[in-house]
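1. heads up, no residue letters with this:
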């Protein structure tokens, strides 16, 4: 089962995800709310027999080839404790938004990124290469082992978010950075970068968004609360730097394995909403499958009407550049504009009096905002900073005098 988690996207995946998230976020704290029409006798009977959780469900996207970047938008309209809204589930890991009863994060609405070990038994592990402001990291175990990062992001309902993952290979490792954009402000945040030893592929060709009510064992934590989210603009950026739309998409709801779903086994639904120009998934409470499901649990979904041939993107920009000379070294620092595409790599050049480049430092490091460059006495005059963003857009260079 661990191998399947790392290499494939299967309808049974959410069962494994359940075990992982039960281990890292489970809490005895219960959400408040009504029983959505279920009697106390029904709830007690199901709790005694099974978990009584909203059915796990998946929205699968297929693409023509491997990707160096995957991206998808999400808007959550209904939620409850112990719910995970996974947005980008790629080969070896996933990321998304979660509502947790765990109070240690200071907010129930958190941002998660996870990456499995390639081979835990063989001591080939994932690792954390970077954590953004407020992000914490730790290993997880259970059905699969690896590293996870959690940020107290404080996402809100009825707001669109864009989550992108960018992969690159460097010095024998595959790095995977997670970036989120609040589309109401335009601001991006780089929550973390995880890494594993380099492999043949980057992120793989598939993507799986899923909804998971990861713990339904208590009467107050069961599937009686409705959850719903919209998903749209799911993209692949392939290894040739070409944007790809999904060639097919489908929905699947997990069956009532071992009585886990209880009386909520048919409390699932999905489809395409033309008003939102988005796909939706919902489960729990009084949710019922649309007529198109018949007695089944799967659905083929239509193409998104207004996705276009490529995403509409900004180009990243550096600002606030400073350059200071001291002791034969130039220290160059810069900032990046928060509501433009986030930095992926940087190029810092030192120019002499004639404008010729005498030193260049290139770094593939999204979080880098500073370079220290040794220079010969009297040869320096100006410094120039250029960044490339995660979508491979190149900024206008910024040149400043060296003080």
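-> In hand now; what should we look at? Quick caveat: nothing in here was measured; it's all calculated off a predicted structure.
2. who's the spatially closest residue to residue 359 that is not a sequence neighbour bridged to?
-> The shortest distance from residue 359 to any non-neighbouring residue, by CB to CB, 6 or more residues apart in numbering, is to residue 350 (4.0 Å). For glycine as for every other residue, the C-beta is placed from the backbone atoms N, C-alpha and C. Beta-bridge pairing of residue 350 under DSSP bridges involves residue 359, residue 383.
3. quick one: the spatially closest residue to residue 91 that is not a sequence neighbour from residue 182, how far?
-> Leaving out its chain neighbours, the residue that sits closest to residue 91 by CB to CB, 6+ apart is residue 204, at 3.1 Å. Distance, residue 204 to residue 182, by CB to CB, to the nearest Å: 27 Å.
4. quick check, pLDDT for the residue nearest to residue 91.
-> At residue 204, the model reports a pLDDT of 97.
5. I figured it was touching residue 89, is that so?
-> No - contact between residue 204 and residue 89 fails when scored by CB atoms under 8 Å: they sit 9.7 Å apart.
6. hmm, the residue nearest to residue 359 is touching residue 374, no?
-> No - the pair residue 350 / residue 374 is not scored as a contact, 9.8 Å apart, by CB under 8 Å.
7. between those two, who's got more neighbours?
-> residue 350 (25 against 10; other CB atoms under 10 Å).
8. circling back to that earlier point, where do the contact lists of residue 350 and residue 374 overlap?
-> Contact criterion CB atoms under 8 Å, 6 or more residues apart in numbering; residues shared by residue 350 and residue 374: residue 359.
9. about what we covered before: ok but the residue nearest to residue 91 is inside a helix, no?
-> No - under DSSP: H, G, I helix; E, B strand; the rest coil, residue 204 sits outside any helix and is assigned coil.
10. in contact with it, which residues?
-> 66-67, 90-92 are the contacts of residue 204 under CB under 8 Å, 6+ apart.
11. is it possible to get a markdown table of those residues that adds distance to residue 365?
-> Converted to a markdown table, those look like this (distance: CB to CB, whole Å):
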| residue | distance to residue 365 |
| --- | --- |
| 66 | 23 |
| 67 | 21 |
| 90 | 21 |
| 91 | 23 |
| 92 | 21 |
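12. filter those residues down to the ones in strands?
-> Among the contacts of residue 204, the ones falling in strands (DSSP state E) are 67, 90.
13. got CSV for the contacts of residue 204, with distance to residue 159, neighbour count and pLDDT too?
-> Listed next are those as CSV, based on distance: CB to CB, whole Å; neighbours: other CB atoms under 10 Å; pLDDT from 0 to 100:
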residue, distance to residue 159, neighbour count, pLDDT
66, 31, 17, 98
67, 26, 28, 98
90, 24, 22, 96
91, 29, 21, 94
92, 29, 26, 95
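14. now, which of the contacts of residue 204 sits nearest residue 173?
-> Closest approach between the contacts of residue 204 and residue 173, by CB to CB: residue 92, at 12.9 Å.
15. wait, the closest one touches residue 196, no?
-> Yes - between residue 92 and residue 196 a contact is recorded at 6.9 Å, counting by CB under 8 Å.
16. list the residues that contact both of these two?
-> Contacts common to residue 92 and residue 196, judged by CB under 8 Å, 6+ apart, are 115, 118.
17. quick check: which element contains residue 281?
-> strand 278-283 (DSSP states H and E).
18. list the buried ones in stretch 196-204?
-> Using 16 or more other CB atoms under 10 Å as the test for burial, stretch 196-204 gives 196, 201-204.
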